[in-house]
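Enquirer: Give me the fold of what follows.
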Amino acid sequence: MAEDAAKPSSSTWVVTLGATVEYGPSYEGSKHYTFGALPSFDFHRLGEATEYSAPDDNFDYTLFDFHGLEIGPVVGLRDDRFDLNNLQLRSQRRVRWNFDAGGFAQYWLMQNQLRFRTEVRQSLWGGDGLVGDLALDWFQPVGDKWLLSAGPRLSLANSIYMRSNFGISAGQAARNGHVSAFDAGAGVKSVGFTVAATYTISPEWSVQVYEKYNRLVGDAADSPITSKFGSPDQNIIGFTLNRTFNVNF
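Expert: Modelled structure (predicted):
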């Protein structure tokens, strides 16, 4: 009987698929806003304790757990960006959606309440560079249906990422004639916060609304792409519908 009771937890996986609609800047640094859609995915073994997560967590899998310090791979979806050859910065794009991958580490300072998390991710193609994100989140259940979360954010990027997204070459500046060349260097690119509210409709369905605000700083804010054509204030509002089901192997 003990073996029968243990079997479902080892052969059954709980899978959650989500569909998200966001309203936010059309590219990083833009002052124009558009709608976008994103998928989400999560899974864990039946019987394992479910950890809370923030809406800007990327897809990860814990390979090592050292006394509560979780470490493993992470995969994210990187937004497309504008065409640097069109410095009027309307709607043309040069790079489409991209995936990035790397590693994550997180530690619960207070179990399922206060969490520190960091991700470091490199673009898989397109030469879009490396980013590192740091987050601190407080999670607060309200009754049996609601989960609230909030916390600050800090994002860094290497020189390749900064030049790709905020730099202007001498050739691009010459073709435009109204903007100077700008060499964007590595460093902190934004600070901000994320807040979210999740409502559990049933064991199978849940919905989440969230807001992510980031303030571009340093070269990301000083670049003409942001200061002349865009805005350092980056605000994203999102809505996610989740469906959870069991998969047996």
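
Enquirer: Apart from its chain neighbours, what residue comes closest to residue 105?
Expert: Nearest non-adjacent residue to residue 105, counting by Cβ to Cβ, 6 or more residues apart in numbering: residue 71, 4.9 Å away. In short, each C-beta sits where N, CA and C put it, glycine included.

Enquirer: Check whether that neighbour sits in a helix, strand or coil.
Expert: With DSSP: H, G, I helix; E, B strand; the rest coil as the basis, the three-state label of residue 71 is strand.

Enquirer: my guess is it contacts residue 103, does it?
Expert: Yes: in this structure, residue 71 is within contact of residue 103 by Cβ atoms under 8 Å, at 6.9 Å.

Enquirer: Outside of stretch 133-145 itself, which residues are in contact with it?
Expert: Outside of stretch 133-145, the residues within contact range by Cβ atoms under 8 Å, 6 or more residues apart in numbering are 52, 54, 56, 112-119, 121, 147-156, 194, 199-200.

Enquirer: and the residue nearest to residue 105, bridged to which residues?
Expert: Here residue 71 sits in beta bridges with residue 64, residue 105, as judged by DSSP bridges.

Enquirer: what's near enough to touch residue 210?
Expert: 55, 194, 195, 196, 197, 237, 238, 240.

Enquirer: between these, which is closest to residue 178?
Expert: Nearest to residue 178 among the contacts of residue 210: residue 237, at 32.7 Å, using Cβ to Cβ.

Enquirer: follow-up on the earlier one: so who does the residue nearest to residue 105 touch?
Expert: By Cβ under 8 Å, 6+ apart, residue 71 lies in contact with 62, 63, 64, 65, 103, 104, 105.

Enquirer: Tell me how far residue 229 lies from residue 26.
Expert: For residue 229, the distance to residue 26 (Cβ to Cβ, to the nearest Å) stands at 12 Å.

Enquirer: Those two: which is more packed in?
Expert: residue 26 (21 against 18; other Cβ atoms under 10 Å).

Enquirer: buried stuff in stretch 229-240?
Expert: Of all the residues in stretch 229-240, those buried under the rule 16 or more other Cβ atoms under 10 Å are 229, 230, 231, 232, 234, 236, 238, 240.

Enquirer: Pick out the most distant pair among the contacts of residue 71.
Expert: 65 and 103 (14.2 Å).

Enquirer: Look at the two and report which has more neighbours.
Expert: Set residue 65 next to residue 103 and count neighbours by other Cβ under 10 Å: residue 103 wins out with 15 against 10.
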